[in-house]
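# Have a look; sequence and predicted model below, questions after that.
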Amino acid sequence: MKMMTRSSQRWGLVFAASLGLLAFTEDGSGAPAQPKEFEHAGILKVWADYADGLSFGKGQTLALIDDGCKMSKPEWLAVMANGVPKVRVTHDAVDGDDDPKHEGRGYHGSTIGIPSSVNYDGKLGVAFNNQVAVIRGNEVVHCSIADSRASLARALQWVIDHHKEHAITTVNLAPVDDQEHAQPVATEIDAKLAELRRLGIWVSAPTGNHKYTNGISWPACQPNCFAIGAVKPGSADVIHLDRHETVALLVPARATSSSNAIACGAAMILREVIEKAGYDWKKDGPTLPDAMMAIFKKTGAKVEDPPGKRTFRRLDLAAAVHHIFNHDK
């Protein structure tokens, strides 16, 4: 099945001269939230080639689980062109209410959704037409397992309980404990992650930003949570930041919180592509998230890590989308 290419009459197409990149919105204005990263990951090509055939997150909600959010930020107060609010629902799994404001040392979650989801003032995230569920899962992004395991388990359970109601397909599990885990650490979140995987909901987390080579942060090190590392944005694939053999995928970014955010947006687009193409994902994995990761790995660029003598795969969303739409040729 071959998708139609972009229609410049339906979608505005402008050249962002200051960036040297193409950018899109329905009214003819806009630019990628992270231009160099999006270009390197094949996202801008997907925006261009499938502008008339994909909705880029419409009808899907991304759960952002972090240390709270400043909900007065205009990006999260925004109503998109189709009249749908960017923020669909909020919840605080620490206090048990629906106000996810930063408390204590929290600061990070106000911006974690920008690379994946922003659609405000001409700035676009990867899946810019999605909605977000803002969930406060712990006090601060740089956490300890002891202080965060119970509240993050409650946050994940909230997603399990409400995913159908709010069309949640994807979870950005943003906290990091900044330790070098070569093995999983058994905690209350494990059963929740297994259930989310069974339900077909993508969950991924950043590996951490310390250049570790013998382990990655919790909760990225846990089973049923995809660990997302990073290559330096640019023309060459140079791995950096925390990595280990348990890393599932690399994404161009300066920090792994951004690489994971980009991966979440890419997963939302790939999910739509699989549905539109009528692709039989069961041949690639036992669950839809497993299959999507297998496709990202199969189509991604090889990246060598000489210190660890390992080979990883780097996200190429354009190659993944092309693979799905041309699977029967």
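Great, that's in hand. Numbers count the residues shown, from 1 in each chain.
# Next, the contact list for residue 307, please.
Contact analysis of residue 307 by C-beta atoms under 8 Å, 6 or more residues apart in numbering lists residue 213. Glycine gets a C-beta too; all of them are placed from N, C-alpha and C.
# Dihedrals phi and psi, it?
Dihedral angles phi and psi of residue 307 (degrees, to the nearest 10) take the values phi -60, psi -40.
# lowest-pLDDT helix or strand in the protein?
With mean pLDDT, DSSP states H and E as the measure, the helix or strand of the chain carrying the lowest mean pLDDT is strand 12-16 (a mean of 35).
# how near is the closest residue to residue 92 other than its chain neighbours to residue 221?
Setting aside the residues directly before and after it, residue 92 is nearest to residue 136 in space (C-beta to C-beta, 6 or more residues apart in numbering), at 4.3 Å. Relative to residue 221, residue 136 is positioned 22 Å away (C-beta to C-beta, to the nearest Å).
# So which of those two has more stuff around it?
The residue with more neighbours, out of residue 136 and residue 221 and counting by other C-beta atoms under 10 Å, is residue 136; that gives 28 against 24.
# Any idea what the more buried one is bridged to?
Assessed by DSSP bridges, residue 136 has beta-bridge partners residue 66, residue 92.
# who are the neighbours in contact with it?
Shown in contact with residue 136 (C-beta under 8 Å, 6+ apart): 66-69, 91-95, 100-101, 103, 106, 109, 155.
# what about it, distance to residue 94?
As defined by C-beta to C-beta, residue 136 lies at a distance of 6 Å from residue 94.
# in which helix or strand would I find residue 193?
Assigning secondary structure by DSSP states H and E places residue 193 in helix 189-198.
# For that helix, name the packing helices and strands.
helix 145-166, strand 202-206 (3 or more C-beta pairs under 8 Å, 6 or more residues apart in numbering; DSSP states H and E).
# one more time with 6 Å
Of the remaining helices and strands, those touching helix 189-198 by 3 or more C-beta pairs under 6 Å, 6 or more residues apart in numbering; DSSP states H and E are helix 145-166.
# Just the buried ones from the contacts of residue 136, in PyMOL syntax?
With 16 or more other C-beta atoms under 10 Å as the burial test, the buried ones among the contacts of residue 136 are selected in PyMOL as follows:
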select buried, resi 66+67+68+69+91+92+93+94+100+101+106+109+155
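# Could you measure from residue 71 over to residue 78?
When distance is defined by C-beta to C-beta, residue 71 is 12 Å away from residue 78.
# for residue 249, same thing?
Computed as C-beta to C-beta, the residue 249 to residue 78 distance reads 29 Å.
# Who is residue 240 paired with across the strands?
residue 230.
# so where's the stretch 1-150 of the chain uncertain?
Judged against pLDDT under 70, the low-scoring parts of the stretch 1-150 of the chain cover residues 1-29.
# any idea where the helices of it begin and end?
Counting by DSSP state H, counting those that start in this stretch, the stretch 1-150 of the chain has helices at residues 35-40, 43-49, 74-77, 114-117, 145-166.
# which of those helices is buried the deepest?
When neighbours are counted by mean count of other C-beta atoms under 10 Å, the highest per-stretch mean among the helices of the stretch 1-150 of the chain falls to helix 114-117, a mean of 26.
# which residues in the stretch 201-329 of the chain form strands?
Counting by DSSP state E, counting those that start in this stretch, the segments of the stretch 201-329 of the chain that form strands are 202-206, 226-231, 239-240, 249-252, 301-305, 310-314.
# which helices and strands sit right next to the second one?
This points to strand 226-231. The contact analysis (3+ C-beta pairs under 6 Å, 6+ apart) places strand 226-231 against strand 202-206, strand 249-252, helix 256-277.
# Out of these, flag the one nearest residue 85.
Evaluated with C-beta to C-beta, the helices and strands packed on strand 226-231 place helix 256-277 nearest to residue 85, the distance being 17.3 Å.
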